[in-house]
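# Here is my input, please return the structure:
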Amino acid sequence: MASTTAPASVLGLGLMGTALASALIKAGHPTTVWNRTRSKTGPLVAQGATPADTAREAITANELVIVCLTTNDSVRSLLEPEAEALAGRTVVNLTNGTPGQARELADWAAAHGITYIDGGIMAVPQMIATPAAYILYSGTDEAAFEAHRPTLAALADTKWVGKDPGLAALYDLSLLTGMYGTAMGVAQAFALIGSEGIPPLEFAPLLTEWVVAMAHGNIAGAAEGLATGQHLTDVSNLAMNKAAFPNFTSAYEAQGLRTDLFAPLQDLLDRAVEQGHGEDGFSRLTLLLKKD
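Coordinates of the predicted model:
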């Protein structure tokens, strides 16, 4: 029986690209796959994918071309020689990159008659096609996105963030910044508790409960302060944190740990208090991160 779902091509079959292609196949979309290392197409072909011998063959197979490579430099080196074949098609680039790179790719695509949509995947490969995953999209042609949205929905929930092609990457990197900040704190916390031989599995439930409880209030409070310009707090102000912070770095050093991850926060706290913001909350620190 012929498929009634739209076809797509997937270029790049790393862990994420493979997960994306597999999700399309499972949702019933005829899927053409290509990878520089041909052997990576094998498991997907076993699921029903059509392998392409060349990138051009994959591109010309379908109107929707999904690209997921390691870097945007790799994307450009792959797509630029195929500009003629890509003309009139829609490229959805799900490669992690910067807002500037997305805008440059969008400009290049527009100059060659290619519809370009940039995307930021908020998931690890194992989360693709599950309710926990979503993908951010942006680009000048929202109508093209809406036309392909049913197909893209097979990968994850779809979130359109605007017509500036760089917005998906901006949202992506901003969300990942929050994740990496948490990862840094978790790494330091385990290092500190572990310096006295406390088992990590014993400490993990306490750390999880504490971080989750603090995250909601801290994020909401910071957003409110930045939105209103009212940074004053009656909880734990910057002056109090400035006074207490040396306890952290001193403890790290005494326990034989590096202070690299947390030392920069002392500078921010010092500058905030020196500039007269000691009564403010942590939302004030966001403003201090802007270059003069």
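# residues in contact with the closest residue in space to residue 41 that isn't next to it in sequence?
Of all residues not flanking residue 41 in the chain, residue 51 sits nearest, at 4.2 Å (C-beta to C-beta, 6 or more residues apart in numbering). Backbone N, C-alpha and C define where each C-beta goes, glycine included. Under the criterion of C-beta atoms under 8 Å, 6 or more residues apart in numbering, the neighbours of residue 51 are 32, 33, 34, 38, 41, 44, 45.
# what about the fourth one, how many neighbours?
Using other C-beta atoms under 10 Å as the criterion, residue 38 is surrounded by 12 other residues.
# Kindly list the longest strand within the chain.
strand 115-122 (DSSP state E).
# what comes into contact with it?
16, 89-94, 96-97, 102, 105-106, 109-110, 128, 133-141, 144-145, 148, 156, 165-166, 168-169, 171-173, 175.
# any idea of the mean pLDDT in whatever helix or strand comes next after that strand?
Sequence-wise, the next helix or strand downstream of strand 115-122 (DSSP states H and E) is strand 134-138. If you average the pLDDT over strand 134-138, you get 98.
# mind listing the helices in the stretch 1-150 of the chain by residue range?
Along the stretch 1-150 of the chain, the segments classed as helices by DSSP state H, counting those that start in this stretch run 15-26, 42-47, 55-61, 72-79, 83-86, 99-111, 142-152.
# can you list the domain ranges for the chain.
8-163, 195-288 (automatic domain parsing).
# mind checking the end-to-end distance for the shortest one?
Across domain 195-288, the terminal residues are separated by 33 Å (C-alpha to C-alpha, to the nearest Å).
# and if you look at stretch 245-262?
Using C-alpha to C-alpha, first and last residues of stretch 245-262 are 9 Å apart.
# where in this structure is pLDDT low?
Applying pLDDT under 70 to the chain flags the ranges 1-4.
# and with 50 instead?
For the chain, residues meeting the criterion pLDDT under 50 lie at 1-3.
# Centre-most residue in it?
Using C-alpha atoms, centre = their mean, the residue of the chain that lies closest to the mean C-alpha position is residue 172, 3.7 Å off.
# one step back: what's the distance between the residue nearest to residue 41 and residue 31?
10 Å (C-beta to C-beta, to the nearest Å).
# Identify the contacts common to these two.
Common neighbours of residue 51 and residue 31 (C-beta under 8 Å, 6+ apart) are residue 44.
# which one is residue 119 nearest to, not counting chain neighbours?
residue 94 (4.4 Å).
# The one you found: what's it in contact with?
Counted by C-beta under 8 Å, 6+ apart, residue 94 has contacts 16, 20, 66, 67, 68, 119, 120, 121, 135.
# run the last query once more with 6 Å
By C-beta atoms under 6 Å, 6 or more residues apart in numbering, the contact list for residue 94 reads 68, 119, 121.
# Can you select the buried ones from the contacts of strand 115-122 in ChimeraX?
Those of the contacts of strand 115-122 that count as buried under 16 or more other C-beta atoms under 10 Å are selected in ChimeraX with:
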select :16,89,90,91,92,93,94,96,97,102,105,106,109,128,133,134,135,136,137,138,139,140,141,144,145,148,156,165,166,168,169,171,172
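# tell me the phi and psi of residue 235?
phi -100, psi -100 (degrees, to the nearest 10).
# From residue 215, how far out is it?
Taken as C-beta to C-beta, the span from residue 235 to residue 215 is 15 Å.
# Looking at the domains of the chain, which is nearest to residue 186?
domain 195-288 (6.8 Å; C-beta to C-beta).
# Show me how far the closest one is from its chain's centre.
24 Å (C-alpha atoms, centre = their mean, to the nearest Å).
# Who's the closest spatial neighbour of residue 11, skipping the chain neighbours?
Counting by C-beta to C-beta, 6+ apart, the residue nearest residue 11 is residue 67, at 4.8 Å.
# OK, contacts around the one you found?
Contacts for residue 67 (C-beta under 6 Å, 6+ apart) come out as 11, 75, 93.
# Could you single out the nearest of those residues to residue 181?
Distances from residue 181 to these, taken by C-beta to C-beta, are shortest for residue 93, at 26.2 Å.
# Apart from its chain neighbours, what residue comes closest to that closest one?
Using C-beta to C-beta, 6+ apart, the closest residue to residue 93 is residue 67 (5.0 Å).
# Run a quick neighbour tally on residue 219.
When neighbours are defined as other C-beta under 10 Å, residue 219 has 11 of them.
# can you list the domains of the chain in TSV and add distance to residue 189?
Formatted as TSV, the domains of the chain follow (distance: least, C-beta to C-beta, whole Å):
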stretch	distance to residue 189
domain 8-163	22
domain 195-288	6
